[in-house]
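Visitor: Got a predicted model here, sequence first, then my questions.
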Amino acid sequence: MGQYAAIGMKRDASLVVSCGRVVVLSCLMAIVAGCGGGSGPGKPKTVAVSGKVTYKGAPVPGGTITFAPQGGAGKRAGSGPIQTDGSFVISSYDPRDGVEPGDYKVVIDPPPPNPDTKAADTKVVIPEKYKSVTSTPLTEKIDSAKSGLEIKLED
C-alpha cells in the first residue's frame, strides 16, 4: 500500500507542477499581449490636449468632452471628463496622452442628472447642437500639444 501511496503522491505533485506551468504561461501570454488599445511601441504619436469648457462665460461643471477625428479613418477618438471648474484633459490610448495630430469635431456630453438630488439642481444645460458629432459646429486642428484650449459654447 505504501508503494501505491507514493505513486499517487508523485502523480499529484506532477499535476500541481503542470497546473503551475499553465498558470505561469497564461500570465506571460497576457503580459506579452498587453491590454490592447495601442499602447507600446506600435502606438501612434499623440499630442497632449487640455483646456476648459465654458457656456455663456461660465465653466461647464461636468460631463464629457470628445474629440472625434474628421476623415481620419483609423484614428482613435480622444475624450475626458469635464471637471467642476470646466477643465479637461484628453486621453485616447493612455491616460492624459491626448490625441493623434489631425482635425477633430468636438462633442460635449453633459453629465447625467444625479438621482440623489433634485433634477433641477444638478442638470447641466447646454445647447443640443454640441451633443452630436453630426451637429456640433466645434472643430479643432491639433498639430502640436495644446494646453489652455478654450472651448466656448454659445446659443
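Guide: The structure has been received and is ready for your questions. Numbers count the residues shown, from 1 in each chain.
Visitor: so how far is Ile65 from Gly74?
Guide: Distance from Gly74 to Ile65, counting by Cβ to Cβ, to the nearest Å: 22 Å. Glycine gets a C-beta too; all of them are placed from N, C-alpha and C.
Visitor: These two: who's more crowded?
Guide: Taking other Cβ atoms under 10 Å, Gly74 and Ile65 do not tie; Ile65 has more neighbours (26 against 7).
Visitor: that's a strand at that one, yeah?
Guide: Yes - under DSSP: H, G, I helix; E, B strand; the rest coil, Ile65 falls within a strand.
Visitor: Tell me the predicted confidence for it.
Guide: Listed pLDDT for Ile65 reads 98.
Visitor: Give me every residue in contact with stretch 71-84, excluding its own residues.
Guide: Applying Cβ atoms under 8 Å, 6 or more residues apart in numbering, the set of residues contacting stretch 71-84 from outside is 38, 44, 46, 49, 53, 59-69, 88-93, 98-100, 102-104, 108, 111.
Visitor: Tell me which helix or strand comes right after the helix or strand hosting Phe88.
Guide: In this assignment (DSSP states H and E), Phe88 forms part of strand 87-89. As assigned by DSSP H and E, the chain's next helix or strand after strand 87-89 is strand 102-109.
Visitor: So what touches that following strand?
Guide: 53, 60, 63-72, 75, 78, 82, 126, 130-133, 136, 138-143, 151, 153.
Visitor: By neighbour count, sort out the buried ones in the residues you listed.
Guide: 53, 60, 63, 65-69, 75, 78, 82, 126, 130, 136, 138, 140, 142, 151, 153 (16 or more other Cβ atoms under 10 Å).
Visitor: Please, where are all the helices along the protein?
Guide: For the chain, the helices defined by DSSP state H cover 2-33, 119-122.
Visitor: Isn't Gly62 up against Pro113?
Guide: No - using Cβ atoms under 8 Å, Gly62 makes no contact with Pro113, being 10.6 Å away.
Visitor: These two: who's more crowded?
Guide: Higher neighbour count among Gly62 and Pro113: Gly62, with 18 against 14, using other Cβ under 10 Å.
Visitor: residues touching the more buried one, list them.
Guide: 81-84, 110-111, 124.
Visitor: Quick check: closest non-adjacent residue to it.
Guide: Spatially, and ignoring its direct neighbours in sequence, Gly62 is nearest to Pro111 (3.9 Å; Cβ to Cβ, 6 or more residues apart in numbering).
Visitor: Many thanks, we can stop here.
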